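*Asks:* predicted model, plus sequence, below.
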Amino acid sequence: MTDIMADPARASRAQRQALVALVRYGMFIALGLWLVAMSFASEYFLTWTNFLNVLRQAAPLIIIGTGMTFVMATAGIDLSVGSLVALVSVLAASWVAAGVPVVIVLPLVLLVGVAFGALNGYVVTLGVPAFVVTLAGLTSYRGLAFVYSDGYAVPISDPVFLWLGRGEVFGINAPFLIAALVALAGWFVLNRTRFGLHTLATGGREEAARVMGLGIDRIKICVYALTGGLAALGGIVISARLSNGSPNAGVMLELEVIAATVLGGTSLFGGRATIAGTIVGALLINFVRNGLNLLGVNPYWVQVVTGIILVVAVLMNTVLNRKVESWARAAKEEDAA
């Protein structure tokens, strides 16, 4: 393999395609290998109950990760999603506890998420780096959650609200069904609409997209607003599953969402994004966590492993992927010559 990488001309077309596919779809392969390995390591892993549990836990990551995929497609990032989950959580719980009908609470908190997301996007269009803008949101939005709730969790007992986190449809839990619908809609918008094409063009070469007459500022505000709305939806699902609204909800969730998105193959530098990859990234993180828990691994080590997965994902997404694709192009050019 090292000799082939050093001399592209020695690689056959099949070898080039295999190596590029290995890097590009490495997380899909990793997920499959982990499932096989854990099926031998634990008798409880390959059970329907365990799978449903993992899908329920992965649902918020898939929901919010769908929005993050759009943001990262424009070469942006949103670190505020976890804090926005906390803010939406306490708002929804307190309003439901105050007797406001759920049919009113749900659209209201979704609008809150969209509004804060749009605010992030607007500030980004002013020239402030997305990292700085959303880092400020990470601290301030959670601060608002603590101020509003006075630091206390608010219990939720409304059955309609709780169904969103604990209900089932034909044996499939509601959170995963919601996540599947969101991901399907996200895939369609990203790959089959003009907005998705413009989003990828913005991240690929922003100046070229601007010259083409694309509304770059409008696109950025829209993708951040979308992510804010999906963070609010993820907050609703988490609150319903835990049956309370807490200012501590979603702690470190932003890092897991970013890890899942990058794991799936969405580029940190924009222009390349995949919803299917984000789903696989979210499932891989949760299946790894679930498997380690079944094996009795210390929960703190599970956090360490999650961090390592993020580093490996970034390494594959940037350095390794770029080198392999450059190598494949060089080999193809030598064949043509």
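*Replies:* Nice, I can see it.

*Asks:* look at the closest residue to Phe269 other than its chain neighbours and give its secondary structure.
*Replies:* In space, and not counting its chain neighbours, Phe269 is closest to Ala75: 5.7 Å by CB to CB, 6 or more residues apart in numbering. C-beta here means a position set from N, CA and C on the backbone, and glycine is covered the same way. Secondary structure, DSSP: H, G, I helix; E, B strand; the rest coil: Ala75 is coil.

*Asks:* which stretches in the chain count as strands?
*Replies:* Taking DSSP state E, the strands of the chain run over residues 154-155, 168-169, 172-173, 244-245.

*Asks:* from Val124, how far off is Ala208?
*Replies:* Taking CB to CB, to the nearest Å as the measure, Ala208 falls 19 Å from Val124.

*Asks:* actually, Thr139.
*Replies:* 17 Å.

*Asks:* okay, the two: which has more neighbours?
*Replies:* The neighbour count for Thr139 versus Val124, taken as other CB atoms under 10 Å, is higher for Val124 (25 against 12).

*Asks:* for the more buried one, what are its contacts?
*Replies:* Gly76, Ala130, Val133, Lys220, Tyr224 (CB atoms under 8 Å, 6 or more residues apart in numbering).

*Asks:* what's the closest residue to it other than its chain neighbours in contact with, if anything?
*Replies:* Nearest non-adjacent residue to Val124, counting by CB to CB, 6+ apart: Ala130, 5.0 Å away. By CB under 8 Å, 6+ apart, Ala130 lies in contact with Val71, Gly76, Ile77, Asp78, Asn120, Val124.

*Asks:* in space, not sequence, find me the middle residue of the chain.
*Replies:* Geometric centre of the chain, nearest residue: Gly65, 1.9 Å, by CA atoms, centre = their mean.

*Asks:* that one reaches Ala259, doesn't it?
*Replies:* No: with contacts counted by CB atoms under 8 Å, Gly65 stays clear of Ala259, the gap being 9.3 Å.

*Asks:* Leu177: how many residues sit nearby?
*Replies:* Count around Leu177 with other CB under 10 Å applied: 16.

*Asks:* let me see the contact set for it.
*Replies:* Residues in contact with Leu177, defined by CB under 8 Å, 6+ apart, are Val169.

*Asks:* tell me how far it lies from Met38.
*Replies:* 24 Å.

*Asks:* ditto for Ala208
*Replies:* Computed as CB to CB, the Ala208 to Met38 distance reads 45 Å.

*Asks:* neighbour count: the two, which is higher?
*Replies:* Between Ala208 and Met38, counting by other CB under 10 Å, Met38 is the more crowded of the two (20 against 11).

*Asks:* tell me, how many residues neighbour Gly277?
*Replies:* 24.

*Asks:* neighbours of the residue nearest to it when sequence neighbours are not counted, how many?
*Replies:* Of all residues not flanking Gly277 in the chain, Gly264 sits nearest, at 2.5 Å (CB to CB, 6+ apart). Gly264 sits with 25 neighbouring residues when counted by other CB under 10 Å.

*Asks:* try the one 4 residues further on
*Replies:* The local packing of Leu268 (other CB under 10 Å) involves 16 other residues.

*Asks:* check it and give its pLDDT.
*Replies:* Note on Leu268: pLDDT of 81.

*Asks:* that one and Phe131, how far apart?
*Replies:* The value you get for Leu268 to Phe131, if CB to CB is used, is 11 Å.

*Asks:* shared neighbours of those two, which are they?
*Replies:* Jointly contacting Leu268 and Phe131 under the rule CB under 8 Å, 6+ apart are Ile77.

*Asks:* neighbours around the closest residue to Asn248 other than its chain neighbours, how many?
*Replies:* Closest residue to Asn248 apart from its sequence neighbours, by CB to CB, 6+ apart: Ala86 at 6.8 Å. By the measure other CB under 10 Å, the count of residues near Ala86 is 29.

*Asks:* hmm, Ala86 is touching Glu254, no?
*Replies:* No: under the criterion of CB under 8 Å, Ala86 is not in contact with Glu254, lying 11.0 Å apart.

*Asks:* which stretches of the stretch 201-337 of the chain form helices?
*Replies:* In the stretch 201-337 of the chain, the helices defined using DSSP state H, counting those that start in this stretch lie at 206-211, 216-242, 253-263, 275-294, 299-315, 321-336.

*Asks:* quick one: which of these is nearest Gly171?
*Replies:* Across the helices of the stretch 201-337 of the chain, Gly171 has its closest neighbour in helix 216-242 (17.4 Å, CB to CB).

*Asks:* ok, Gln303 - how many residues close by?
*Replies:* Residues lying near Gln303 (other CB under 10 Å) number 12.

*Asks:* pLDDT at it, what is it?
*Replies:* Here, the pLDDT recorded for Gln303 equals 78.

*Asks:* going forward, begin numbering at 439 instead of 1
*Replies:* In the new count, where the first residue is 439, that last one comes out as Gln741.

*Asks:* and the gap between it and Phe483?
*Replies:* Gln741 is 20 Å from Phe483, by CB to CB.

*Asks:* list the contacts for Ala621?
*Replies:* Per CB under 8 Å, 6+ apart, neighbours of Ala621: Ile500, Ile501, Thr504, Ile713, Thr716, Ile717.

*Asks:* fine by me, thanks again.
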